[in-house]
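Asks: prediction below, plus the sequence it came from.
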Amino acid sequence: MVAQHIEVDVAVVGAGSAGAAAAGMLAGTGRAVALLESRPFARAGARWQNGVPAWMFERAGLPPPAGAELVRPGEPWVMLGPFGQARTALPTSILQVDVGRLNDRLLAEARRAGARCVEGAELVEVDLGPDGRPRTAGFALAPWPGGRLEVRARLFLDATGRAGALRTRLPAWAAAAPPRPEEVCLAAQEVRAVTDAVAARAFLERLGLEPGVEASRLGLAGGFSVSTVRVAPDLGSVALLAGTDGREAGGRVLLERLRAAEPWIGPRLRGGEGAIDLRRPCANLAVPGAALLGEAGRLVFPLHASGTGAGLVSARLLAEALDSSPDPGAAEVAWRYQATVQCSLGGVHAAYDVLRRLIAALAPPEVERLIASGLLTPGLVTAGLEQRLPGPGALEPWRQVRGLPRLLGSPELARALATRLPRMALALAVHRAYPERPDEAALGRWARAEARLLDWD
């Protein structure tokens, strides 16, 4: 067996956008960093399009995408009910990003900053010290049969997404319950050629859309499900996105149904798919010697299963937590990182998770009724798309009051809104009370209180 050994300050496992960003940020401060990826770098991370709010690049301290990496800037978006009758139209500032190209850019920046980047390195074991901190990790090296890499680091970062390759090997997280089917989004995204421009235009006219406008039909399969279509302005291609929770058929099936119904949708040009954990962020995102980034820590916006932006922001928050600490794996560093994340991203995610669970319980007619009611004003919908809390201008009381008769026509929907929406404010309050200093007993009490206050139905 051929063995190699390296020793660094920080070892980042997973070279998707969150991991590559963190490696570049930390190496840029002069720390010795290793970035390890089980696949070839050309296939690391997500390889599809994803909407990322512009503010998240700014908060992460990263230049926004440009050129081929930016598929398109913010453009008009239309939200449709499952039957295509109720609709809300609004402009957005969501950047549609080619995440594969973003990953490539962040990897190149990590290399320039001095990070040691190793592809084909699959994590196979973690050695814990007497204090429970990870000391070394063993990786099998795919390019060399029998090859092995031993990595010693003071801080290990798990950026391997839902798989949690490092997380599942550490006692702090290994016993965590897996998500239930309704807590997983099965998503698929594709760009396909348009083979009949006349038929494509007829499709747009039926929906009252112009080329270049993105339209999403919500609740198509009931509850948490969406099917999104955007025909390019030149009618040469169409971008498709679909997803359902794990109780339904999945995004791939919705896309196939759409293709069968619309023969003008032609051959696949590019795309990807995956299963995404929609639950609130892990209560503890870090322990001495290890931390979770992005989707590995369930930092995914639950309302529409977007995780790219949160992964980038979590990388920046980690870099800020480390700052000039002599020991990047110290308990104080771990706590500073997770407290900052929970009080910012975590609170917003928990609040919108309440709304996600409400919507997931609705049948298609109730989704149509909710959109038609006017309760979801353009300001509220825009805030959700941009992964922000609604501002004061998001409410339109007169418009919303006029929509009350529609809600009262469905007692179940009215009851669900009345009992669940106040819990969005409660979720924010709970996360503002996250323990600020290392205190495992206080963290245990907080986690139990969060579950008790937010999970009852």
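Replies: Here it is on my side, so go on. Residues are numbered from 1 along each chain as shown.

Asks: and stretch 20-29, how far out from the chain middle?
Replies: Centroid separation between stretch 20-29 and its chain, computed with CA atoms, centre = their mean, to the nearest Å, is 20 Å.

Asks: with stretch 337-345 instead?
Replies: Relative to its parent chain, stretch 337-345 has a centroid offset of 16 Å by CA atoms, centre = their mean.

Asks: that one: which residues count as buried?
Replies: Residues 337-342, 344-345 are the ones in stretch 337-345 that count as buried (16 or more other CB atoms under 10 Å). Just so you know, the C-beta spots here come from the backbone N, C-alpha and C atoms, and that holds for glycine as well.

Asks: let's have those residues in TSV, adding pLDDT and secondary structure.
Replies: Formatted as TSV, those follow (pLDDT from 0 to 100; DSSP: H, G, I helix; E, B strand; the rest coil):
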residue	pLDDT	secondary structure
Y337	97	helix
Q338	96	helix
A339	96	helix
T340	96	helix
V341	97	helix
Q342	96	helix
S344	92	helix
L345	95	helix
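
Asks: any chance of CSV for those, columns distance to V71?
Replies: Shown next, in CSV, are the buried residues of stretch 337-345 (distance: CB to CB, whole Å):
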residue, distance to V71
Y337, 31
Q338, 33
A339, 35
T340, 31
V341, 28
Q342, 32
S344, 27
L345, 24
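
Asks: how far away is the most centrally placed residue in the chain from R162?
Replies: Closest to where the C-alpha atoms of the chain average out (CA atoms, centre = their mean) is G307, at 1.5 Å. Counting by CB to CB, to the nearest Å, the gap from G307 to R162 is 9 Å.

Asks: quick check: neighbours shared by these two?
Replies: 276, 295 (CB atoms under 8 Å, 6 or more residues apart in numbering).

Asks: mind listing what's buried along the lengthiest strand in the chain?
Replies: Ranked by residue count and defined by DSSP state E, the top strand of the chain is strand 265-277. Going by neighbour count (16+ other CB under 10 Å), the buried part of strand 265-277 is 265, 271, 273-277.

Asks: show me what it is packed against.
Replies: If contacts are counted by 3 or more CB pairs under 8 Å, 6 or more residues apart in numbering; DSSP states H and E, strand 265-277 sits against strand 184-194, strand 237-245, helix 251-261.

Asks: how about these in a markdown table, adding distance to A418, mean neighbour count and mean pLDDT?
Replies: A markdown table is the format used below for those (distance: least, CB to CB, whole Å; neighbours: other CB atoms under 10 Å; pLDDT from 0 to 100):
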| stretch | distance to A418 | mean neighbour count | mean pLDDT |
| --- | --- | --- | --- |
| strand 184-194 | 27 | 21 | 95 |
| strand 237-245 | 23 | 24 | 94 |
| helix 251-261 | 31 | 17 | 93 |
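
Asks: S324 is nearest to which of these?
Replies: For S324, the closest of these is strand 184-194, at 38.8 Å, according to CB to CB.

Asks: you'd agree A221 is up against G250?
Replies: No - using CB atoms under 8 Å, A221 is not in contact with G250, being 9.3 Å away.

Asks: need the residues touching each of those two.
Replies: Listed as contacting both A221 and G250 by CB under 8 Å, 6+ apart are T244.

Asks: in the stretch 1-150 of the chain, which spans are helices?
Replies: 17-27, 54-59, 99-113 (DSSP state H, counting those that start in this stretch).

Asks: give the burial count for L102, as a bare number.
Replies: Neighbour count of L102, defined by other CB atoms under 10 Å: 25.

Asks: swap in A330?
Replies: For A330, the neighbour count with other CB under 10 Å is 18.

Asks: then G147?
Replies: Neighbour number of G147 under other CB under 10 Å is 16.

Asks: kindly report the same for the one 10 residues further on.
Replies: Taking other CB under 10 Å as the neighbour definition, L157 ends up with a count of 30.

Asks: next one, pLDDT for it please.
Replies: As predicted, L157 sits at a pLDDT of 98.

Asks: and the pLDDT at the closest residue to L90 other than its chain neighbours?
Replies: Spatially, and ignoring its direct neighbours in sequence, L90 is nearest to P378 (4.2 Å; CB to CB, 6 or more residues apart in numbering). P378 carries a pLDDT value of 81.

Asks: surely P378 and T88 touch.
Replies: Yes - look at P378 against T88 with CB under 8 Å: they come within range, at 6.1 Å.

Asks: what is the neighbour count of V381?
Replies: Neighbours around V381, by other CB under 10 Å: 19.

Asks: just checking, D9 touches V33?
Replies: Yes - the criterion here is CB under 8 Å, and D9 meets it with V33 at 6.7 Å.

Asks: which of these two has more neighbours?
Replies: The neighbour count for D9 versus V33, taken as other CB under 10 Å, is higher for V33 (28 against 20).

Asks: quick one: G347 from A296, how far?
Replies: Applying CB to CB, the value for G347 to A296 is 20 Å.

Asks: give me the buried positions along stretch 29-45.
Replies: If you call a residue buried by 16+ other CB under 10 Å, then stretch 29-45 has these buried ones: 31-39, 41, 44-45.

Asks: confidence score at the residue lying closest to Y352 once chain neighbours are set aside?
Replies: Spatially, and ignoring its direct neighbours in sequence, Y352 is nearest to L303 (4.5 Å; CB to CB, 6+ apart). The confidence metric pLDDT takes the value 90 at L303.

Asks: which stretch of helix or strand covers L303?
Replies: Under DSSP states H and E, no helix or strand contains L303.
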